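Peer 1: Next one to model:
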Amino acid sequence: MAPSSSSSTVTKKNTNRVTKRTSTSTTKPKTPRINNKSQVPDRVLTDVLLAIKSVHLKNIASRRKNHEYRKYRLRDGVERLWLYETAEDGGKASITHVAVIPSDERRTPGTVPTEPFGIGNDDFNAGLKQSKYGYPILELYELVKPVSLGEMKTKWGMSAPMGWRYLVPDLWMDRWGDEENRDANVKKVF
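Peer 2: Just a heads-up that it's a prediction; the model follows:
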């Protein structure tokens, strides 16, 4: 029997077990994809874009909320959350803030410190939230020039986030960029 193109059959020596391995063509790459035209990565692995309701963003900005909770675990190495404020309840439908998180710390229920107090921390620790992962907010920056949904679509080729996605390099450079020009792009909230 010939193996299919999507998997191959391997028989282990001295056993009757047969295991299937997916071919390397179907596994996801561990490195960023490369745009063939320019040989530039098409995403920034340290920065993700995610949607947030206006009320939660206001609580983070006022430091009443010190963790962002999600159902999914972001990879280690992610150190910034670009926050797309949804239009719901008077939000701006724009990327307005960038939150800095630890690159290798992902909290699970029962592991969030009780001090300092943060909205949602007790419920998360008790397992009462749908979210399974918490991301401590270390710093928050406000974009001097928010990225509207229209600009996201026309200039950056992005739609409003459903879940999360990596940031595109050109947007990262335009709104965050290297340290020497960062003060012109963002204002530190805390």
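Peer 1: so where do the helices sit in the chain?
Peer 2: 54-61, 121-125, 149-154, 169-175, 182-185 (DSSP state H).
Peer 1: Same list, those, but as a markdown table with distance to residue 115 please.
Peer 2: Where you see a C-beta, it was placed from the backbone N, CA and C, and this is true even at glycine. Shown next, in a markdown table, are those (distance: least, C-beta to C-beta, whole Å):
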| stretch | distance to residue 115 |
| --- | --- |
| helix 54-61 | 18 |
| helix 121-125 | 10 |
| helix 149-154 | 38 |
| helix 169-175 | 34 |
| helix 182-185 | 31 |
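Peer 1: Using a markdown table, please lay out those helices together with mean pLDDT and mean neighbour count.
Peer 2: What follows is the helices of the chain, written out as a markdown table (pLDDT from 0 to 100; neighbours: other C-beta atoms under 10 Å):
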| stretch | mean pLDDT | mean neighbour count |
| --- | --- | --- |
| helix 54-61 | 97 | 18 |
| helix 121-125 | 98 | 17 |
| helix 149-154 | 96 | 14 |
| helix 169-175 | 95 | 17 |
| helix 182-185 | 93 | 12 |
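Peer 1: what residues does stretch 136-150 touch?
Peer 2: 60-61, 65-68, 92-102, 105, 107, 156, 160, 171, 175, 184-190 (C-beta atoms under 8 Å, 6 or more residues apart in numbering).
Peer 1: In strands, which of the residues you listed appear?
Peer 2: Per DSSP state E, strands hold the following members of the contacts of stretch 136-150: 67, 68, 94, 95, 96, 97, 98, 99, 100, 186, 187, 188.
Peer 1: Pull the residues that contact stretch 79-86.
Peer 2: 46-54, 57, 68, 91-103, 135, 160-161, 167, 176.
Peer 1: run the last query once more with 7 Å
Peer 2: For stretch 79-86, the external contacting residues (C-beta atoms under 7 Å, 6 or more residues apart in numbering) are 46-54, 57, 68, 91-101, 103, 135, 160-161, 167.
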